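**Student:** turn this into a model:
(chains A and B)
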Protein chains: 2
Amino acid sequence: MKQSVNVGLIGFGIVGSGAISILTDRADSIARKVGVPVKVKRIADLDITTDRGVAVDKSVLTTDANEVLTDPDIDIVIETIGGVKPAGDFIRKALENGKNVVTANKELIAKHGAELLPLAEKNGVDLMFEAAVGGGIPVIRPMKVCLSGDKIVDIAGIVNGTTNYILTRMAGEGLGYAEVLPDAQAKGYAEANPTADVEGFDSAYKISILGSLAFNSTVDVTKVIREGITEITSEDISYAKKLGYVVKLVAMATLKGEDMLLRVHPAFLPAKHPLASVDDVFNAIYVKALGVGEVMFYGPGAGSLAAGAAVVGDVMDIAHNIMNDCNTRVPYTCADSRKMLGADAIVCKNYIRIIAEDNPGVLSSITGITAANNISIEAVTQCPLDGGKAEIVLLTHEAKENDVIKALAEIGAQSFDSKVASRIRVAE
Amino acid sequence: MKQSVNVGLIGFGIVGSGAISILTDRADSIARKVGVPVKVKRIADLDITTDRGVAVDKSVLTTDANEVLTDPDIDIVIETIGGVKPAGDFIRKALENGKNVVTANKELIAKHGAELLPLAEKNGVDLMFEAAVGGGIPVIRPMKVCLSGDKIVDIAGIVNGTTNYILTRMAGEGLGYAEVLPDAQAKGYAEANPTADVEGFDSAYKISILGSLAFNSTVDVTKVIREGITEITSEDISYAKKLGYVVKLVAMATLKGEDMLLRVHPAFLPAKHPLASVDDVFNAIYVKALGVGEVMFYGPGAGSLAAGAAVVGDVMDIAHNIMNDCNTRVPYTCADSRKMLGADAIVCKNYIRIIAEDNPGVLSSITGITAANNISIEAVTQCPLDGGKAEIVLLTHEAKENDVIKALAEIGAQSFDSKVASRIRVAE
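**Tutor:** As a prediction, this is how the structure comes out:
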């Protein structure tokens, strides 16, 4: 019988140091649960001089990831560098060397999970990634195991803390996007280059992973419909409130017949929706399944110890497998190739804000266009603006995406001055 | 290699028929995930004539539980009859016969888990009970596996749908407890004898299970502090709203040093608390841990298919273990004997409603009593009632339970007419 389970870490950054901190501080409790100690044998990072706030024996540190990947004593490799290169190569090598892998790398799993997970299985080892979605929130394993017998039909998640923080501040203080971003950056909630978060790439990776698990299919992340939050204005958020909604960046995966629709875009959520009160950097994932109905998982979407705790949970799960010689116990099931639907498959209510000449007949022209495009209107308001303009806000009933796009183009091409300032879909 | 995993069910009621329905309807998907079919071999119930709304071959049905317990082909016994007797005997016999067990039986696990779980381990089989707490909400496995490395310090849950439905109706419609109960019974949300729910026994079983898992300790369910909702009035709920709170039946487990405090009682929850918006028959479990911070699990606390889906998730997890010959992969860890603290360990804010003579000096006497008992006041309102009475509502700062009890006794024993109508603790 093994005397210990040995762990090597690659990437001693925020998540990695959180995981090491927990493995160290809670070593006794972890050893009791696993049956043998879980030892941190090696930590690789290009920078091994910066103090990470975790006491580790200096002899454990190395700048050479290969010392982790080739060490025959290491049972589990934790990869916490992020990104596709070189993380993917490291993980590939670890799996081929018969090492189990735990990663928090959403981009890599979203883009290459369909290659890496079968590779793990082929090599008789586990590849786990609980921290890749929702940080510390248990969601991957609950979906994969607890809801395994159920039929998941819909997922809606607030899975990006940066954008949720920005939208929460905008809503709370009536500020514009550009006014909040610098403060979010100063606080460390947004990166210097915020594109991956604010343009929805991060959310797209995460919903790809969730959708793949839910629908047992590979997902082409480039086919996820994706819009960011940079065009959202304080006016939109203010109208949302008046209409009984909040604006969130929502990542959605929906089963439509045998096909699936994956999308990330700002959405009006009814104020009563369980996701509507998820504020600041918190995340939540709301899942609909035929058996269970609706469940939601809520918690911190990021953070050193939060994501670190999720990594350690995976490490311990794998350690149980190692102690029982049953790695690859839960087989890979995402091998189907469901069709990914395009935006034209979206059918939903829409919020539309138009700035137009404040003349008689303008509202009638606009509603004539919507009617001609099969779009019926649930609510409309018109307010005068300075300079002879009016702001017209429409809340439509459910409409087909292509009808909406056509109507918006026609509204913008009227002989009178008329501009579509905003269009935000409603998620219910 | 096994050609199928065979399941026997005891108790073809609401949860049992939900589980069978999912195992039948989703047999193909389940077989793909497990690797072999999961077959329903036998269903035992004293009543095998009632139509359960699930198509089963009549030859599968039996009135004799022993035909499930002794069938050498059966790998997993699902127990869904509930209660301690005879369910406990059935489970004991199943485990001793080398059968894995899945149960939704919170009372049995709360009272006898400390005996049954080691018995399962001794016999090399699994005993799983995801459906015992929160119905279809994944919470047991997330706590046991995902948060396994973390240190859980606090749990607060709305874990009883019946009481939550009653309190939601009371809050929404300004009704009293006795006005809502019959309707809850008519709708099937409350039993004819509602005691187990409304007096907090059901919640006490569930928090015992969660506390035991969280703190790795046996829990004596008779030592859980327990108060029900029958004394809650519409006045209390109305005052809660005015003060920025909602009234919920909250089950709590808190680590205090090495000891633990487990309690179930109505509580004022701040309106902003994630649990405050959990309404109707929904359940939610809010967990604080040192690493992850705070996470919440939300969903349907009951229901045939919801709880059935949780049962099937356990069945499939065990099936993976069977296929990999690794049952008892995750060892029993709740063997510590932490001290269970009594109500005197409670320190919290309190809402206190007093009906007293509407005379000068009465408020001064009352606040004199609270001050003399080390209780400082955060808010106070006094309203005249008919008949020369006044209603005085105090919201205290944090106070020790014994100080509060002493003050309440003194308030009720004044020379002037003075009666403590309500006292509800605040949970934050």
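
**Student:** what helix or strand is A:Asp197 on?
**Tutor:** A:Asp197 is part of helix A:195-198, with elements assigned from DSSP states H and E.

**Student:** buried sites along stretch A:185-205?
**Tutor:** Of all the residues in stretch A:185-205, those buried under the rule 16 or more other Cβ atoms under 10 Å in any protein chain shown are A:189-190, A:194, A:196-205. Using the backbone N, CA and C atoms, a C-beta is placed for each residue, glycine as well.

**Student:** what of stretch A:32-47?
**Tutor:** A:32-34, A:36-45.

**Student:** just those residues that are near chain B?
**Tutor:** Among those, the ones lying near chain B by Cβ under 8 Å from any Cβ of the partner chain are A:Arg32, A:Lys33.

**Student:** so which residues of chain A form helices?
**Tutor:** In chain A, the helices defined using DSSP state H lie at A:14-25, A:27-34, A:66-69, A:87-96, A:106-122, A:140-141, A:161-173, A:177-186, A:195-198, A:201-215, A:234-243, A:304-323, A:362-372, A:401-412.

**Student:** Serialize these to JSON lines and add fields for mean pLDDT and distance to A:Val153.
**Tutor:** JSON lines is the format used below for the helices of chain A (pLDDT from 0 to 100; distance: least, Cβ to Cβ, whole Å):
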{"stretch": "helix A:14-25", "mean pLDDT": "97", "distance to A:Val153": "32"}
{"stretch": "helix A:27-34", "mean pLDDT": "97", "distance to A:Val153": "35"}
{"stretch": "helix A:66-69", "mean pLDDT": "98", "distance to A:Val153": "40"}
{"stretch": "helix A:87-96", "mean pLDDT": "98", "distance to A:Val153": "31"}
{"stretch": "helix A:106-122", "mean pLDDT": "98", "distance to A:Val153": "21"}
{"stretch": "helix A:140-141", "mean pLDDT": "96", "distance to A:Val153": "18"}
{"stretch": "helix A:161-173", "mean pLDDT": "97", "distance to A:Val153": "24"}
{"stretch": "helix A:177-186", "mean pLDDT": "96", "distance to A:Val153": "33"}
{"stretch": "helix A:195-198", "mean pLDDT": "97", "distance to A:Val153": "28"}
{"stretch": "helix A:201-215", "mean pLDDT": "98", "distance to A:Val153": "8"}
{"stretch": "helix A:234-243", "mean pLDDT": "97", "distance to A:Val153": "26"}
{"stretch": "helix A:304-323", "mean pLDDT": "98", "distance to A:Val153": "26"}
{"stretch": "helix A:362-372", "mean pLDDT": "95", "distance to A:Val153": "30"}
{"stretch": "helix A:401-412", "mean pLDDT": "97", "distance to A:Val153": "20"}
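
**Student:** grab the two from the buried residues of stretch A:185-205 that are most spread out in space.
**Tutor:** Using Cβ to Cβ, the buried residues of stretch A:185-205 span at most 19.2 Å, a distance reached by A:Tyr189 and A:Ala204.

**Student:** what residues does the stretch 1-150 of chain A put near chain B?
**Tutor:** Going by Cβ under 8 Å from any Cβ, the residues of the stretch 1-150 of chain A near chain B are A:18, A:22-23, A:26, A:29-30, A:32-33, A:35, A:130, A:136-138, A:141-142, A:145-150.

**Student:** identify the residues contacting the helix holding A:Asp197?
**Tutor:** Residues outside helix A:195-198 that contact it (Cβ atoms under 8 Å, 6 or more residues apart in numbering or on different chains): A:Asn160, A:Thr162, A:Thr163, A:Ile166, A:Leu181, A:Ala190, A:Glu191, A:Phe201, A:Asp202, A:Gly228, A:Ile229, A:Thr230.
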